[in-house]
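Chemist: next comes the sequence, and after it the predicted model I'd like to discuss.
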Amino acid sequence: MPNTTPEKKLFLKERELGALLEITQAINQDHSEAALYRIFQFTLLGQLNIRRLVLYVKEDREWACMACFGTGLADFRNVELPSAITDTCTSVPCRLGEMLGLSPEWENLEVAIPVVQNGYVLAYVFTGNVHDDYAGEEATKFLQTLSNILVGAIENRRLARQRVASAAMRKEIEIAREVQTMLFPQRLPNDAAVAVHASYVPHTAVGGDYYDVVELEDNRVLLCVADVSGKGVAASLLMSNFQAGLRTLMRQQVDLATVVHELNHLIFRNAGGDKFITVFFGLYDRTTRELHYVNAGHNDPLLLLDSGAASQPLKEGTIMLGVMEELPMLNVGHLVVPPHSLLLTYTDGLTEVFDANQNEFGEEGVLRVLRQNRYAPLATVHAELLREITAFDQAGTGFADDVTILSCRFK
């Protein structure tokens, strides 16, 4: 500080102490980050009589102006921090008048004070037109210390939030995985009447696809493939409710139309119309070879006949479940399945794969692979489908969604 009387020095030290107390109290009172920056600004103005101040803080690898006050200053929220400052002013305060290449906005600021932690500059404090009684190296050091306390506290808060958020996300993924694993059936039928095989390739750690195979009394079997909107725990819990409702209804031996209506009510009540499920239900009677089915807004399953006729898409049904409290219409499809037919059900991750020219693999790609592997074991059919879409993805962007395949060979 410049030469002053002992009384003046004591007064300025009291002011510094007051500024320090205001900042530390604000930090301990758990104010928001925006409030802390405002308190910092008013403290320097009120306690230390600093007339011009600009504060830049590094957030997500970008410099952002968090505080700016003083007459004659530009709006530094729209001014990029010059590389002349960030490249040269990395440890000790710097005089802006000695730097070359600064734009006119910086003319009213005099000193750049870097706020350094662990060798990295986290912030810059710029001052200008400092009161004559509060200037010099000692005052600059105090400003640097005070800024370090503030910025360090905010940075520690961010790190703590990130740790909590990361831990919560890991736990969420772990729970969702466990829920999803429990939903998938552990055994699939392979008897004198049918052989069933399933494949599931998640796009992310926890996907939104679901499949189920439910053995029923009187020699019937239910095949189900579904895709819930969204991912994570919320999607897993909705699928869990969906499966519990489905299995409860099937044990009550209600007809397929009632199952679909009741599940739509269940999903709508639980999700309030914010989430929905596309699903295919196929109820097969081994004795009569009859297949009753409902396609609720899902990709059309493909039925290939042994006769070599064109594939038959199973379209009858309704809209996706959970969008409306009451389904506007519902048609239950019915057909008698000829011997040696093959049914392939899947989610849209199988078809929504694109090559370098943005051509979609699509249903035609699926049919081509099916015809080439018509009589291969179901595990081989699935492996070929997955191999083909991997090869089709020439751009290397990967699958856009989960891939679920559930196939049934009728003997």
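Modeler: Alright, I've got the coordinates.

Chemist: ok, for Val323, nearest residue in space, not its chain neighbours?
Modeler: Spatially, and ignoring its direct neighbours in sequence, Val323 is nearest to Phe276 (5.0 Å; Cβ to Cβ, 6 or more residues apart in numbering). All C-beta atoms are positioned from the backbone trio N, CA, C, and that covers glycine.

Chemist: need the strands for the stretch 301-411 of the chain, in chain order.
Modeler: Here the stretch 301-411 of the chain has its strands, by DSSP state E, counting those that start in this stretch, at 302-304, 312-313, 317-318, 333-336, 341-346, 403-410.

Chemist: nearest to Glu98, of those strands?
Modeler: Glu98 lies closest, by Cβ to Cβ, to one member of the strands of the stretch 301-411 of the chain: strand 403-410, at 61.6 Å.

Chemist: so what touches the closest one?
Modeler: 193-201, 203, 209-211, 213, 223, 225, 227, 282, 284, 289, 337-347, 349-350, 378, 381-382, 385-386, 389 (Cβ atoms under 8 Å, 6 or more residues apart in numbering).

Chemist: was I right to think Val57 contacts Val125?
Modeler: No: applying Cβ atoms under 8 Å, one finds Val57 not in contact with Val125, separated by 9.9 Å.

Chemist: who has more neighbours out of the two?
Modeler: Taking other Cβ atoms under 10 Å, Val57 and Val125 do not tie; Val125 has more neighbours (27 against 22).

Chemist: and the more buried one, that one's in a strand?
Modeler: Yes: Val125: assigned to a strand according to DSSP: H, G, I helix; E, B strand; the rest coil.

Chemist: is it bridged to anything, and to what?
Modeler: Leu55, Ile113 (DSSP bridges).

Chemist: quick check: which ranges of the chain have low pLDDT?
Modeler: 1-16, 18-19, 46, 129-138, 172-173, 175-177, 179-180, 203-207, 231-232, 394-400 (pLDDT under 70).

Chemist: now the helices for it?
Modeler: Remark: helices assigned in the chain by DSSP state H are 6-28, 33-48, 83-88, 137-183, 232-251, 256-271, 362-372, 378-392.

Chemist: off-centre distance for the fourth one?
Modeler: I take that to be helix 137-183. Taking Cα atoms, centre = their mean, to the nearest Å, one finds helix 137-183 lying 18 Å from the centre of the chain it belongs to.

Chemist: just stretch 184-195 next, same as before
Modeler: The answer for stretch 184-195 is 35 Å, by Cα atoms, centre = their mean.

Chemist: just stretch 323-336 next, same as before
Modeler: Using Cα atoms, centre = their mean, the offset of stretch 323-336 from its chain centre is 32 Å.

Chemist: give me the contact list for it.
Modeler: Here stretch 323-336 makes contact (Cβ under 8 Å, 6+ apart) with 255-257, 260-261, 264-265, 268, 273, 276, 288-295, 303, 312, 314-319, 321.

Chemist: domain ranges for this structure, per the record?
Modeler: 6-160, 173-410 (automatic domain parsing).

Chemist: in a markdown table: these, plus distance to Ala167.
Modeler: Formatted as a markdown table, the domains of the chain follow (distance: least, Cβ to Cβ, whole Å):
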| stretch | distance to Ala167 |
| --- | --- |
| domain 6-160 | 11 |
| domain 173-410 | 11 |
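
Chemist: roughly how far apart are the spatially closest residue to Pro338 that is not a sequence neighbour and Ser341?
Modeler: Take Pro338 and drop its neighbours on the chain: the residue closest to it by Cβ to Cβ, 6+ apart is Leu305, 5.6 Å away. Distance, Leu305 to Ser341, using Cβ to Cβ, to the nearest Å: 5 Å.

Chemist: looking at those two, which is more packed in?
Modeler: Ser341 (19 against 16).

Chemist: and the more buried one, what does it touch?
Modeler: Leu303, Leu304, Leu305, Asp306, Arg409, Phe410.

Chemist: who's in contact with the third one?
Modeler: What it means is Leu305. Contacts of Leu305 by Cβ under 8 Å, 6+ apart are Ser311, Gln312, Pro338, Ser341.

Chemist: show the buried residues in the residues you listed.
Modeler: Among the contacts of Leu305, those scoring as buried are Ser311, Ser341 (criterion: 16 or more other Cβ atoms under 10 Å).

Chemist: need the contacts of Leu305 in a markdown table (columns: distance to Ala244).
Modeler: A markdown table is the format used below for the contacts of Leu305 (distance: Cβ to Cβ, whole Å):
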| residue | distance to Ala244 |
| --- | --- |
| Ser311 | 34 |
| Gln312 | 32 |
| Pro338 | 35 |
| Ser341 | 31 |
